[in-house]
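**Student:** below is the structure, and that's it, no one-letter string:
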Ligand SMILES: Nc1ncnc2c1ncn2[C@@H]1O[C@H](COP(=O)(O)OP(=O)(O)OC[C@H]2O[C@@H]([n+]3cccc(C(=O)O)c3)[C@H](O)[C@@H]2O)[C@@H](O)[C@H]1O
Ligand SMILES: Nc1ncnc2c1ncn2[C@@H]1O[C@H](COP(=O)(O)OP(=O)(O)OP(=O)(O)O)[C@@H](O)[C@H]1O
Ligand SMILES: NC(=O)CC[C@H](N)C(=O)O
């Protein structure tokens, strides 16, 4: 029996377009003699729909679209479609008004509905805000073709398979849906997912599901969403494991795909369809992150209706990387780099930015800002009389640039990409309403040390990022001779402290015990706390790590929580 995974890229809320994509995949699958087609979690509305789910008319439109899709699909193909279903008991007995569901469509109708049982409510996930958990194990039977006996297929939705206590060494939820399904004697388990990307996550998914497949002696098919929705990048990388835990197929990462496999009724196991379709995983983390960021920029622009972007090109490494990502995502002809030298800019900053633009094939425009800086100086001359030249005067350069860039974006209908990296966003080394301006922060979750390693990886064959950009000392160039290390610890030290503090939840004392200077640790943690007000006003940033400063980071601003560190 042929089964296909449709690795789809839905746009959130675009019900008609998403249904059409499911229909297109179904037509393709039918030509390949497929009996069962799998689509990702919430494939009809896209994941995560967030508070659109609080709008009853949206939920109603989804139900209507689902019914129409059932009628439009080829009647002999069984299709699992991700949707929501009202909770009829919510009104009388309380509880959330919806179930996160999978609908089995066949023969022109909705045949069965399955409810997600485990609702992730941590990091970027907020499913208990909207959904009631399903209480029953989910399965259906399917006859491969007339005169064959029926196959029992267990249905799980994303998080449902993330509670194998043997794999994790603990239970997060009281139930483990896969145990119930094994007891019910299902022949095969499918998992319909919307699992966002983070570095190294695919290895974790494969190890986790390999463990479950072998533990329960059941084949598992994992169908993931692909595409980027705001800050979340979904990598796809759908795959299937046979009963012995071997990878039978793997879909492409960061692209839509349709993958075919075969359920051998005699053996009760799945096998690849020749030629074997196992896309190799990226060679290194840099290749993986690059794929994620390119997709992130491409989908954000496309789904918001932009074809062109503008970037401030300083001749530094951050703007160089963002320009390279944008050129790959949208085509070099759709990227405008703007050089805005001030009297403090070094000669090499302009030269390096121009060489970079030439390497990438992007257009540039130069707008010197000395005269605008002078106008500001004149306008506040009386007000600031008798004060020292300081941070306000330095930052005005950044604010002038931010204004010019937004004006260009506004004039020509471009999207402004901001260039701040995670290390800067963590400690607030950036100017509010200055270089923080923008519609999308492309590398806001990429630590500075990773910015360098990505650029070096990019240069592995040809020089794309000019060598001088990689070797000179990082500098904001807001005053003569300034370097980042006048204000911050060396980036390898800063990033290690941030990794321990933000990702590993280590205390200041633990970070010091790992060999860091106590004063530096205290200072860094205080800077992180005090920069919350800036991060709250930053553009959405593409998430590539397990903890980003985005929807999964909910810190108070007016607080003393992190600020009172002791070592
Ligand atoms: N809790 C809070 N809630 C709301 N607002 C708060 C606040 N705390 C301070 N503020 C306000 O924010 C102001 C400070 O923030 P802000 O004006 O952004 O500026 P600030 O953080 O003082 O300075 C920017 C820093 O970023 C560095 N930098 C590095 C790299 C690039 C660039 C660049 O611009 O290109 C800059 C620059 O050298 C400087 O050290 C305060 O003066 C105050 O008005
Ligand atoms: N002279 C300039 N011309 C154009 N844009 C600039 C200029 N200086 C700064 N910018 C913009 O402001 C951002 C932050 O600037 P800055 O160079 O101060 O910080 P950075 O962290 O060293 O970043 P980068 O490595 O890109 O230089 C830059 O990435 C760029 O987008
Ligand atoms: N949509 C979901 O249930 C996602 C949760 C899951 N643990 C994941 O990241 O992949």
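**Tutor:** That came in fine, so what should we check first? Note that the structure is predicted; figures quoted are calculated from it, not measured. Ligands and ions are numbered 1, 2, ... in the order given.

**Student:** every contact and neighbour count from this point should use C-alpha atoms.
**Tutor:** Noted.

**Student:** where does the residue of the stretch 101-250 of the chain found nearest ligand 2 land on pLDDT?
**Tutor:** In the stretch 101-250 of the chain, the residue that lies nearest ligand 2 is residue 231 (19.7 Å; CA to the nearest ligand atom). For residue 231, the pLDDT comes out at 98.

**Student:** my read: it touches residue 550, true?
**Tutor:** Yes - contact criterion CA atoms under 8 Å: residue 231 and residue 550 qualify, at 7.0 Å.

**Student:** shared neighbours of these two, anything?
**Tutor:** 540-541, 543 (CA atoms under 8 Å, 6 or more residues apart in numbering).

**Student:** so what's the residue of the stretch 101-250 of the chain closest to ligand 2 closest to, chain neighbours aside?
**Tutor:** Nearest residue to residue 231 in three dimensions, chain neighbours excluded: residue 542, at 4.5 Å (CA to CA, 6 or more residues apart in numbering).

**Student:** pull the residues that contact the helix or strand bottoming out on mean pLDDT in the chain.
**Tutor:** In the chain, no helix or strand scores lower on mean pLDDT, DSSP states H and E than helix 90-93, which sits at a mean of 86. Here helix 90-93 makes contact (CA under 8 Å, 6+ apart) with 96-97.

**Student:** what do you get for stretch 402-414?
**Tutor:** Stretch 402-414 is contacted from outside by 306-312, 338, 415-416, 433-438, using CA under 8 Å, 6+ apart.

**Student:** quickly name whichever of the residues you listed is closest to residue 513.
**Tutor:** Of all the contacts of stretch 402-414, residue 513 sits closest to residue 436, with 34.4 Å by CA to CA.

**Student:** host element of that closest one?
**Tutor:** For residue 436, there is no helix or strand it lies in under DSSP states H and E.

**Student:** was I right about it contacting residue 417?
**Tutor:** No - using CA under 8 Å, residue 436 is not in contact with residue 417, being 9.4 Å away.

**Student:** residue 231 and residue 550: which is more packed in?
**Tutor:** residue 231 (25 against 22; other CA atoms under 10 Å).

**Student:** can you tell me how far that one is from residue 407?
**Tutor:** Distance from residue 231 to residue 407, counting by CA to CA, to the nearest Å: 24 Å.

**Student:** was I right to think residue 10 contacts residue 49?
**Tutor:** No - contact between residue 10 and residue 49 fails when scored by CA under 8 Å: they sit 10.8 Å apart.

**Student:** out of those two, which sits in the more crowded spot?
**Tutor:** Higher neighbour count among residue 10 and residue 49: residue 10, with 27 against 14, using other CA under 10 Å.

**Student:** contacts only, for the more buried one.
**Tutor:** Going by CA under 8 Å, 6+ apart, residue 10 touches 17-18, 43-47, 225-227.

**Student:** let's see it at 7 Å
**Tutor:** 18, 43, 46 (CA atoms under 7 Å, 6 or more residues apart in numbering).

**Student:** what's the closest of those to ligand 1?
**Tutor:** Taking CA to the nearest ligand atom as the measure, ligand 1 lies nearest residue 46 of the contacts of residue 10, at 34.8 Å.

**Student:** so the closest one touches residue 12, yeah?
**Tutor:** Yes - using CA atoms under 7 Å, residue 46 is in contact with residue 12, at 4.5 Å.

**Student:** in terms of neighbours, single out the busier of those two.
**Tutor:** Shown here are residue 46 and residue 12; by other CA under 10 Å, residue 46 has more neighbours (26 against 21).

**Student:** can you classify that one as helix, strand or coil?
**Tutor:** Of the three states, residue 46 takes coil according to DSSP: H, G, I helix; E, B strand; the rest coil.
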